[in-house]
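*Asks:* Please find the sequence and the predicted model below.
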Number of protein chains: 2
Amino acid sequence: MAVTVRDVAKAAGVSASTVSRSLSLPDMVDPATRERVQRMADHLGYRPNRAARGLITGRTGNIGLILPDLANPFFPSVVKGIQKQAHQSDYSVFVADTDEDPGAEIGLVRALAKQVDGIILCSPRMSPPELREAAAVAQVVLVNRRSGTIPAVLVDSADGMRQIVEHLGGLGHRRIGYVAGPRSSWSNRQRVRGLRAAVGPAQVELVELGNFSPTFEGGVSAVEAALLADVTAVVGYNDLVALGICSRLATRGITVPDQLSVVGIDDIPTASMVQPALTTLSIPKDSAGRAAIDLLLQLLGEPGSRTPPHRQLPTQLLVRHTTAVVSSSSATRPPGRRRTARR
Amino acid sequence: MAVTVRDVAKAAGVSASTVSRSLSLPDMVDPATRERVQRMADHLGYRPNRAARGLITGRTGNIGLILPDLANPFFPSVVKGIQKQAHQSDYSVFVADTDEDPGAEIGLVRALAKQVDGIILCSPRMSPPELREAAAVAQVVLVNRRSGTIPAVLVDSADGMRQIVEHLGGLGHRRIGYVAGPRSSWSNRQRVRGLRAAVGPAQVELVELGNFSPTFEGGVSAVEAALLADVTAVVGYNDLVALGICSRLATRGITVPDQLSVVGIDDIPTASMVQPALTTLSIPKDSAGRAAIDLLLQLLGEPGSRTPPHRQLPTQLLVRHTTAVVSSSSATRPPGRRRTARR
DNA sequence: GTGAAAGCGCTAACAA
DNA sequence: TTGTTAGCGCTTTCAC
């Protein structure tokens, strides 16, 4: 069997308690004995049994991470940020993917609640009551969603949308389309709101093209509507959607950005792998992950702490190959043609 | 506090053991009491504490998954397969990403070993001795790597390479380049071996272009060598590399597949999002994940079982937009030009 | 500063 | 079939 406190205790000629203390509360023990114990411990390859420790301390040393779809390249970056930070604090991370099924989320929370010290809900789609239940059964941190006073890591969507709209407006676009994501997505609602707010001051008209799946296929199927709407630029709910749009446009012989500009959101790796590279609003994914863990650990440290429960992250528009000064597929064509902006 | 066996026991008017049995070994208890207990249990919202259970049974109900890079789109698919299957058997999954650092792998194994019932090592880069250590401290299943008798889920690389070479050969290519991945990658060695074996019978010449990072950037930086090698087709270590190659070629004004054919391996989502879509050897990622869990659970069930410890999965070439019948950038140009194959 | 004892929540022997 | 007892490995009072 594995080596236990007792083994170390015996080897070091002390009691189990002293071993325990030497490792968890080093100051409470005589330097000499402490060192002897520690040497013995790693000589024997002792590794405390976390389950046993958890049983008594009530802490598991685990944290749970629930997200809609690992296959969406947005999430792995967040996960990596979370992982790295968590491991540094000696936490392990359970990852659970709901396969875009909002109904599965709360179930996973319930299942995980007892096994972890806290749960990070990434872009959850669950209802506010479910969210409340989640926050009641576990220490929860939200990412990409705001709900009441539940601690959350958010992104400044309003500003991001403003950046996009101003950029397009500055290039001469006067009528831009938005391919929305799922109605149940909080991010989507934020983005819609941000676009609506930004569009007036920039003297741009917004055409909402409907709700689509937040995937490449969603983008593909949105092209029809975009073309009918007679816009000169299209903003996708996320990069996957934008990429789908680009792909379908290419298939139909419409060149991006010359004939139609496309802008994505997220800055997933694929966005810079395609030709032409996609202009996109970059979200600091790593930072979001790290911020989420920091917030969570802080809350675990001081449960009642009234730290500002929301952390807001900035976004940055990456102008790449896309946007042009308009050459509408239809009537009114402002001055200037084909001007490609690059980063 | 949370509700425990005792609470349920009291509520149902039985002893703790009976509660325990009613839930884990239902047949050993009188149907009437069993039902009463079960009703009481979920009335009170009882959820067994897995840590406590684990302490006595020696089982944690967790499995660990270690992989080099979640950001490589190959892995999320595998993870998803593993997750789904694991959750079905009521296992939770710890995911750990080593950030492509082979040195970190064994450390993670050691750290995780005590917290899980088994570990799945995905495309591990660790040395054989480390691998042996890993298999000694935990029940291990390898994915994409074979080492001694450690149970593994593998892919039929030889056949896959044959498919690629025959396809290219059939289209008239006589000289193809291979952009290799890391020297320490077992998959890479398999692929090299497979290519070498396949190349003779197909009357094709193989030019090995050197080892590169298994990333988009790796592909980008491999183009130089590919161009110098005077080949008409290039096979990338994986899709990321192939995509990097395509991108750099486009930048240099070389069209794919007309002037140079590019083939990837893996079939990651991005491969079908670019224009032209990438021809690639598809690896059954989900299946690999599921197979790994199946194998692991089977081994956990019957530790000494001599089931065939290796499971081999087939691959399938997805011919998409890429390959053409050669139009070498240099001297000898066989008959036929620009013929695009589609799936 | 250190040891003895108790017990976290659960299951596995052993009795009854 | 059920209850009683013991103890998994650890931390934590509470004495000393």
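*Replies:* Structure received. All values derive from a computational prediction rather than experimental measurement.
*Asks:* Show me the helices in the stretch 1-150 of chain A, by range?
*Replies:* A:5-12, A:16-24, A:31-44, A:50-57, A:74-88, A:102-113, A:128-137 (DSSP state H, counting those that start in this stretch).
*Asks:* Can you add distance to B:Glu217, mean pLDDT and mean neighbour count and give these back as a markdown table?
*Replies:* For the C-beta atoms, the positions are set from N, CA and C on the backbone; glycine is no exception. Shown next, in a markdown table, are the helices of the stretch 1-150 of chain A (distance: least, Cβ to Cβ, whole Å; pLDDT from 0 to 100; neighbours: other Cβ atoms under 10 Å in any protein chain shown):
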| stretch | distance to B:Glu217 | mean pLDDT | mean neighbour count |
| --- | --- | --- | --- |
| helix A:5-12 | 47 | 93 | 18 |
| helix A:16-24 | 43 | 93 | 18 |
| helix A:31-44 | 39 | 92 | 16 |
| helix A:50-57 | 38 | 93 | 16 |
| helix A:74-88 | 16 | 95 | 22 |
| helix A:102-113 | 35 | 93 | 18 |
| helix A:128-137 | 39 | 95 | 16 |
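*Asks:* Switch those over to CSV; also include distance to B:Phe94.
*Replies:* Output for these, formatted as CSV (distance: least, Cβ to Cβ, whole Å):
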stretch, distance to B:Phe94
helix A:5-12, 24
helix A:16-24, 22
helix A:31-44, 23
helix A:50-57, 12
helix A:74-88, 10
helix A:102-113, 12
helix A:128-137, 21
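*Asks:* CSV for those helices, including distance to DNA strand C?
*Replies:* As requested, the helices of the stretch 1-150 of chain A are arranged in CSV below (distance: least, Cβ to the nearest atom of the strand, whole Å):
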stretch, distance to DNA strand C
helix A:5-12, 7
helix A:16-24, 3
helix A:31-44, 4
helix A:50-57, 4
helix A:74-88, 24
helix A:102-113, 13
helix A:128-137, 15
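*Asks:* Quick one: closest of these to B:Ile56.
*Replies:* Nearest of the helices of the stretch 1-150 of chain A to B:Ile56, taken as Cβ to Cβ: helix A:50-57 at 10.0 Å.
*Asks:* What parts of the stretch 1-150 of chain A come near DNA strand D?
*Replies:* Counting by Cβ under 7 Å from any atom of the strand, the residues of the stretch 1-150 of chain A close to DNA strand D are A:1-2, A:4-6, A:16-17, A:19-21, A:23-25, A:46-49, A:52-53, A:55-57.
*Asks:* The same query, at a cut-off of 10 Å, please.
*Replies:* With Cβ under 10 Å from any atom of the strand as the criterion, the stretch 1-150 of chain A meets DNA strand D at residues A:1-9, A:15-25, A:28, A:41, A:46-59.
*Asks:* what's the top helix by length along chain A in contact with?
*Replies:* Longest helix in chain A by number of residues (criterion: DSSP state H): helix A:285-301. Applying Cβ atoms under 8 Å, 6 or more residues apart in numbering or on different chains, the contact partners of helix A:285-301 are A:63, A:74, A:77-86, A:89, A:91, A:117-118, A:120, A:122, A:139, A:141, A:143-144, A:151, A:153, A:155, A:266-267, A:305, A:307, A:309, A:311, A:313.
*Asks:* ok, and the closest non-adjacent residue to A:Ser282?
*Replies:* A:Asp267 (3.7 Å; Cβ to Cβ, 6 or more residues apart in numbering or on different chains).
*Asks:* Tell me how many other residues crowd the one you found.
*Replies:* 26 (other Cβ atoms under 10 Å in any protein chain shown).
*Asks:* do the same with the one 3 residues further on
*Replies:* Neighbour count for A:Thr270, taken as other Cβ under 10 Å: 25.
*Asks:* Could I get the pLDDT score of the residue nearest to it when sequence neighbours are not counted?
*Replies:* Excluding its sequence neighbours, the residue lying closest to A:Thr270 (Cβ to Cβ, 6+ apart) is B:Thr270, at 4.5 Å. With respect to pLDDT, B:Thr270 has a value of 96.
*Asks:* who's in contact with B:Thr270?
*Replies:* A:Pro73, A:Pro269, A:Thr270, A:Met273, B:Pro73, B:Asp239, B:Leu240, B:Leu243.
*Asks:* Same check on A:Tyr237?
*Replies:* A:Tyr178, A:Val179, A:Ala180, A:Gly181, A:Ser185, A:Asn188, A:Arg191, A:Phe212, A:Pro214, A:Gly218, A:Ile265.
*Asks:* residues from the stretch 101-250 of chain A in reach of chain B?
*Replies:* The stretch 101-250 of chain A has residues A:Arg110, A:Ala111, A:Leu112, A:Ala113, A:Lys114, A:Gln115, A:Phe216, A:Leu243, A:Gly244, A:Cys246, A:Ser247, A:Ala250 near chain B, with proximity defined as Cβ under 8 Å from any Cβ of the partner chain.
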